[in-house]
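Peer 1: Quick check, what structure comes out for this input:
(one chain, ligands or ions: 1)
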Amino acid sequence: MSLYFISHPACLEHRTPAHHPERPERLSAIDDQLITSGLGMWLDHREAPRVTREQLLRVHDAAYLDEIAGLRPGPDETLCIDGGDTYVSAGSLEAASRAAGAVVHGVDLVMGDARNVAFCSVRPPGHHAGRDRAMGFCLYNNIAVGAAHALEAHGLERVAIADFDVHHGNGTDDIFLHEPRVLLCSTFQHPYYPHAGAEDRHGAPRVNVPLPAGTRGAAYRAAVSERWLPALDAFRPQLLLISAGFDGHLEDDMAGFGLVEADYEWVTRELRGIAERHAGGRIVSVLEGGYALSALGRSVVAHLKALL
Ligand SMILES: [Zn+2]
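Peer 2: The predicted structure is shown next:
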């Protein structure tokens, strides 16, 4: 058993200002832990292709794509594009293109008949990006691009997205609000950035589970068992996508959850069970947050072990 590990060197060329938590070293920390863990021999490394404009237009507005394509930061410049903490450097558009392209490629690969699991080790992350806006370090909504590709190019009728990043994936939630073919299951700290997801909205199927700061493994596992898993079993996804953010780790001071590697391994095993029961085991997992470098690398290793 092995899995596709999809990345691209261009993802290191998306630059953010000094002391910004979303930095290229995140991907190097993952690579380092993979070597240390001895897991490398189980990974089938693939280079991420560029995403196409047609693939992006399934979830983003043309005007937004033109707007970020029109930015021309200088070689050492980082332009803030959302009035907050989302930046674009000279290498960002190429990095974002490879990040979204990785998920599309992952979907194509697992829909074939060789291996059925893929992990996209990419940045910038994606789940805060909406149809017409960058937000929260995210430019293109990578997982939404992948889900839309599964629906439109592969003709799937039921795609589930499980998002265990500590922040609510508000971009993904908005993009698929009226899409009944996508079930979004999300756990997130509440109240907290991006201050979304806790309200009841009438739309497509979704299971948003707000949890308080201080949530640790036992409470987290109970919430997933009671809320996500029955909904996922009832939905019977043909493909499972994971927004894999590891910023809920105890050592990650981005937020206030107290999860550890064993919790990420547990939730991944449960999700793998869902995929095996309904989706022929097909999973594409995509890196979102995770900013404490050592904890990030160790958590990705735990996640991949459970996927294998
Ligand atoms: Zn996050």
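Peer 1: My reading is that residue 188 lies in a strand. Confirm?
Peer 2: Yes - read with DSSP: H, G, I helix; E, B strand; the rest coil, residue 188 is one of the residues of a strand.
Peer 1: Is the nearest residue to it once chain neighbours are set aside in a helix, a strand, or coil?
Peer 2: Among residues not flanking residue 188 along the chain, residue 168 sits closest, at 4.0 Å (Cβ to Cβ, 6 or more residues apart in numbering). All C-beta atoms are positioned from the backbone trio N, CA, C, and that covers glycine. Assigned with three-state DSSP, residue 168 falls in the coil class.
Peer 1: gap between the spatially closest residue to residue 152 that is not a sequence neighbour and the ion?
Peer 2: Distances taken as Cβ to Cβ, 6+ apart place residue 58 nearest to residue 152, at 6.0 Å, with adjacent residues excluded. Using Cβ to the ion, to the nearest Å, we find residue 58 at a distance of 24 Å from the ion.
Peer 1: now do residue 241
Peer 2: Distance, residue 241 to the ion, by Cβ to the ion: 16 Å.
Peer 1: The helix or strand harbouring that residue pairs with which strands, and in what direction?
Peer 2: Applying DSSP states H and E as the criterion places residue 241 in strand 239-244. Paired neighbours of strand 239-244 in the sheet (DSSP bridges): strand 159-163 (parallel), strand 283-287 (parallel).
Peer 1: and the residue of the stretch 151-300 of the chain found nearest the ion, what does it touch?
Peer 2: Going by Cβ to the ion, the ion is nearest to residue 289 of the stretch 151-300 of the chain, at 2.9 Å. By Cβ atoms under 8 Å, 6 or more residues apart in numbering, residue 289 lies in contact with 22, 125, 137, 165-167, 245-247, 254.
Peer 1: Quick check: which element contains it?
Peer 2: Under DSSP H and E, no helix or strand contains residue 289.
Peer 1: Next, it: phi, psi?
Peer 2: phi -90, psi -170 (degrees, to the nearest 10).
Peer 1: what's the residue nearest to residue 152 in contact with, if anything?
Peer 2: 145, 148-149, 152.
Peer 1: Restricted to helices, list those.
Peer 2: Among the contacts of residue 58, the members found in helices (DSSP state H) are 145, 148-149, 152.
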